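1. heads up, no residue letters with this:
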């Protein structure tokens with residue numbers, strides 16, 4: 001018996017391709033003060049809510065959300081909705097070099113985020129969310 005491809009049911013499986021993070025795109029995403037400080041605070045704390053960042057950065061919620069959305073679009077952050085608040089953390093799929101850059105920048109530039117970190121610590125003790 002002769003078979004042809006159109007006689008046999010088949011499933012075409014296409015591999016999922018996760019694009020590698022382009023260094024140029026990575027650094028462009030970090031090129032804004034609000035985005036960089038947000039990312040460094042999240043790197044330091046592991047996970048933060050929008051309300052935490054609005055207090056720490058002393059910025060409006062729409063402005064902070066817009067910058068976090070951009071970091072999500074760059075695939076540097078992931079988010080999780082809990083009630084009316086959205087929590088952000090580093091994307092688990094970040095390549096090791098990108099995580100190292102963020103951790104090293106956070107560690108070696110504490111003065112850059114010191115005021116924000118102090119406000120964040122106050123916010124975390126009063127729980128705005």
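-> Alright, I've got the coordinates. Keep in mind that what you see is a predicted model, and the values were worked out from it rather than measured. Numbering: from 1, shown residues only.
2. and the residue nearest the centre of the protein?
-> Residue closest to the mean C-alpha point of the chain, counted by C-alpha atoms, centre = their mean, is residue 77 at 1.6 Å.
3. phi, psi of it?
-> phi -120, psi 160 (degrees, to the nearest 10).
4. what sits against it?
-> 39, 42, 68, 71, 88-91 (C-beta atoms under 8 Å, 6 or more residues apart in numbering). C-beta here means a position set from N, CA and C on the backbone, and glycine is covered the same way.
5. just the buried ones from the residues you listed, in ChimeraX syntax?
-> Applying 16 or more other C-beta atoms under 10 Å to the contacts of residue 77, the buried members can be selected in ChimeraX as follows:
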select :39,42,68,71,88,90,91
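6. helices or strands next to the lengthiest helix in the chain in the packing?
-> Longest helix in the chain by number of residues (criterion: DSSP state H): helix 110-126. Helix 110-126 sits against helix 33-45, helix 50-57, with contacts defined as 3 or more C-beta pairs under 8 Å, 6 or more residues apart in numbering; DSSP states H and E.
7. any idea of the mean pLDDT for the first one?
-> Read it as helix 33-45. For helix 33-45, mean pLDDT rounds to 97.
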